[in-house]
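Participant: Sequence and predicted model, in that order:
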Protein chains: 4
Amino acid sequence: MEKYIFELDFKVRDYECDLQGIVNNANYLHYFEHTRHEFLDNMNINVLELHNQGIDPVIARVNMALKTPLTSGDEFVSKLFLTKEGIKYTFHQDLFRKSDNRVVAKAKIEAVTIINGRLSRSELFDQAFAPYIKA
Amino acid sequence: MEKYIFELDFKVRDYECDLQGIVNNANYLHYFEHTRHEFLDNMNINVLELHNQGIDPVIARVNMALKTPLTSGDEFVSKLFLTKEGIKYTFHQDLFRKSDNRVVAKAKIEAVTIINGRLSRSELFDQAFAPYIKA
Amino acid sequence: MEKYIFELDFKVRDYECDLQGIVNNANYLHYFEHTRHEFLDNMNINVLELHNQGIDPVIARVNMALKTPLTSGDEFVSKLFLTKEGIKYTFHQDLFRKSDNRVVAKAKIEAVTIINGRLSRSELFDQAFAPYIKA
Amino acid sequence: MEKYIFELDFKVRDYECDLQGIVNNANYLHYFEHTRHEFLDNMNINVLELHNQGIDPVIARVNMALKTPLTSGDEFVSKLFLTKEGIKYTFHQDLFRKSDNRVVAKAKIEAVTIINGRLSRSELFDQAFAPYIKA
């Protein structure tokens, strides 16, 4: 039983590694964001177009565990599923190293929607995400 | 009673803002890291020199709440204090916008030390941090 | 005779260093951009506000020589002066390491202005930069 | 007659766009670097392994023209060929937007090799690149 609803392949880019020779911790948030935005892209939702309409999904909270550092040359897969609580969506996002399927990182990332500068319920996301919400 | 033991001033750099016109979430981890490394620098501890000796402090967990988005032109102060549990240090790091002292972000960031590739107790950090540990 | 018209102090942030232990080449463009935007900020010109008015200064060409790599802990000063040719402004931007005043990098960065999607002459920049243009 | 010897597909990641809604200029250097490193990877040359042997290819000069800004959702292909002059290799790197094949950016990027801290001729690169050098 696979709980994930979307996945995306990545390969580490060397500029993402810092002076310790491993991927800098901030880049995991980039990987997670790009995965979410590609998930949206698959539903024909583009974050720049939303922004130009005054709709901005933003991150309210990140809870992330880094288990196995990625380094130069590593390939990995980024997977996500989605839960909802009130007006908040939580993206459950995990990264797995391809060479051995080890867990690289596990995160819960809470997103809310700002519409014309105010925290708001988003019809758009409610409809788009409805088929994917875990009870 | 101020609990913080170190602080550092920042100003948003425009390249840190994304297409929503606010600081991209990943950059908060950059701000936190730079604050920690300047805290170490004040104790004459340099992370590149440590790396060249086989000692790498790494982040194991991040728990971060983003309260008020930073945008172009914003100045803010980054403050931290430190707690210890076993071989793990937790950096409690908060950002405050200067114009109104609002909380921008609050994080708990857990760091461990890898020595020659193995998770290890670090004498260096134990001694350096001893004066700053909250009971 | 000092030709520069603006300068800004920096210190390397460790996350700007890559796996070679030196500042990644892309970050020099970040340093240059932040210097230009602080130069504008000093004249009360904010790039986000301009963007919201449909005015976008953009980079058309970069010619950059990297002379001395920056590394963890380095402090440096970023200096610029400005020339004009037609509708194009060229920022002459140089970085100097503070410890020994060595040249870190030298760049010529050509900027043009896009107004409502079209390459345009900018009254705003023409007036703001007039006092600073080298003949 | 196609002059390019290597190419790599990319898609813009939204975090690469800045507050103007287009890819920030510094990220083009990231795209170019990742293309070069994947070119090396195809020859089983890994820049982190080289660094650990005291061999660091570094960028000495960048000459880059930005023709068409990339934005959210854009796919593009990055192509390169290589020339040599003395101990310096020049990577000729061009980006093309996939939707219409327009030129996004054109760059000449000069690389030299530092071995144990000194500018040096690199046997490794001389041999690896020999089949690809344009007369």
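Facilitator: Thanks, I have it.
Participant: hey, let's count contacts and neighbours off CA atoms from now on
Facilitator: Will do.
Participant: Test my guess that A:F10 contacts A:L70.
Facilitator: No: the pair A:F10 / A:L70 is not scored as a contact, 11.2 Å apart, by Cα atoms under 8 Å.
Participant: Which one's more surrounded, those two?
Facilitator: Taking other Cα atoms under 10 Å in any protein chain shown, A:F10 and A:L70 do not tie; A:L70 has more neighbours (25 against 16).
Participant: Got phi/psi on the residue most central in space within chain A?
Facilitator: By Cα atoms, centre = their mean, chain A has its centre lying nearest to A:F32, at 3.3 Å. Backbone torsions for A:F32, taken as degrees, to the nearest 10, come to phi -60, psi -40.
Participant: Leaving out the residues flanking it, which one is nearest to it?
Facilitator: Nearest residue to A:F32, sequence neighbours excluded (Cα to Cα, 6 or more residues apart in numbering or on different chains): A:Q93, at 6.8 Å.
Participant: mind listing what's buried in stretch A:98-105?
Facilitator: A:98, A:103-105 (16 or more other Cα atoms under 10 Å in any protein chain shown).
Participant: Please read the previous query as pertaining to stretch A:32-44.
Facilitator: Quick answer for stretch A:32-44 (16+ other Cα under 10 Å): A:32-40.
Participant: so who does the residue located most distally from the centre of chain A touch?
Facilitator: The C-alpha centroid of chain A is most remote from A:L19, which lies 25.4 Å away (Cα atoms, centre = their mean). When contacts are counted by Cα atoms under 8 Å, 6 or more residues apart in numbering or on different chains, A:L19 touches B:48, B:51, C:14-15, C:17-22.
Participant: what's the angle between the helix or strand containing A:E33 and helix B:25-42?
Facilitator: Using DSSP states H and E, A:E33 sits within helix A:25-42. In terms of direction (axes from the mean of the first three to the mean of the last three Cα atoms, to 10 degrees), helix A:25-42 departs from helix B:25-42 by 180 degrees.
Participant: pLDDT on helix A:25-42, on average?
Facilitator: Helix A:25-42 carries an average pLDDT of 98.
Participant: could you say what helices and strands it packs with?
Facilitator: Helix A:25-42 sits against strand A:6-11, strand A:75-85, helix B:25-42, with contacts defined as 3 or more Cα pairs under 8 Å, 6 or more residues apart in numbering or on different chains; DSSP states H and E.
Participant: Okay, now the unreliable bits of chain A?
Facilitator: The model of chain A has pLDDT under 70 over residues A:1, A:135.
Participant: Now do the helix holding A:E33 against strand A:75-85, angle only.
Facilitator: Put simply, helix A:25-42 runs at 70 degrees to strand A:75-85, going by the same axes, to 10 degrees.
Participant: contacting residues around helix A:25-42?
Facilitator: For helix A:25-42, the external contacting residues (Cα under 8 Å, 6+ apart) are A:6-8, A:16, A:46-47, A:78-80, A:93, B:25-30, B:59, D:13-15.
Participant: now A:D56, nearest residue through space, not along the chain?
Facilitator: In space, not counting the residues next to it along the chain, A:D56 is nearest to A:I114; the distance is 5.1 Å by Cα to Cα, 6+ apart.
Participant: Over to A:A65?
Facilitator: Leaving aside its sequence neighbours, A:A65 sits nearest to B:R61 (Cα to Cα, 6+ apart; 4.4 Å).
Participant: what's the answer for A:P57, then?
Facilitator: A:T113 (4.3 Å).
Participant: What's the local residue count around that neighbour?
Facilitator: A:T113 has 21 neighbours, counted by other Cα under 10 Å.
Participant: Would you agree it falls within a strand?
Facilitator: Yes: judged by DSSP: H, G, I helix; E, B strand; the rest coil, A:T113 forms part of a strand.
Participant: What distance do you get for it to D:I5?
Facilitator: 45 Å (Cα to Cα, to the nearest Å).
Participant: Also A:N46?
Facilitator: Separation of A:N46 from D:I5 (Cα to Cα): 34 Å.
Participant: Which one's more surrounded, those two?
Facilitator: Under the criterion of other Cα under 10 Å, the comparison of A:N46 against D:I5 puts A:N46 first, with 17 against 12.
Participant: Spatially nearest residue to the more buried one (excluding sequence neighbours)?
Facilitator: In space, A:N46 is closest to A:L40, 6.7 Å off (Cα to Cα, 6+ apart).
Participant: Just want to check the distance between A:V104 and chain B.
Facilitator: Distance, A:V104 to chain B, by Cα to the nearest Cα, to the nearest Å: 11 Å.
Participant: Just give the closest residue to A:K108, not the sequence neighbours.
Facilitator: In this structure, A:K108 finds its nearest non-sequential neighbour in A:H92, 4.7 Å apart by Cα to Cα, 6+ apart.
Participant: Whichever helix or strand the one you found is part of pairs with which strands, parallel or anti?
Facilitator: Using DSSP H and E, the element containing A:H92 is strand A:88-97. Pairing partners of strand A:88-97, with direction, according to DSSP bridges: strand A:75-85 (antiparallel), strand A:103-115 (antiparallel).
Participant: Take those and write them to TSV, including distance to D:L124.
Facilitator: Supplementary listing: those in TSV, determined by distance: least, Cα to Cα, whole Å:
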stretch	distance to D:L124
strand A:75-85	25
strand A:103-115	33
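Participant: tally of neighbours for A:I45?
Facilitator: A count of nearby residues for A:I45, using other Cα under 10 Å, gives 16.
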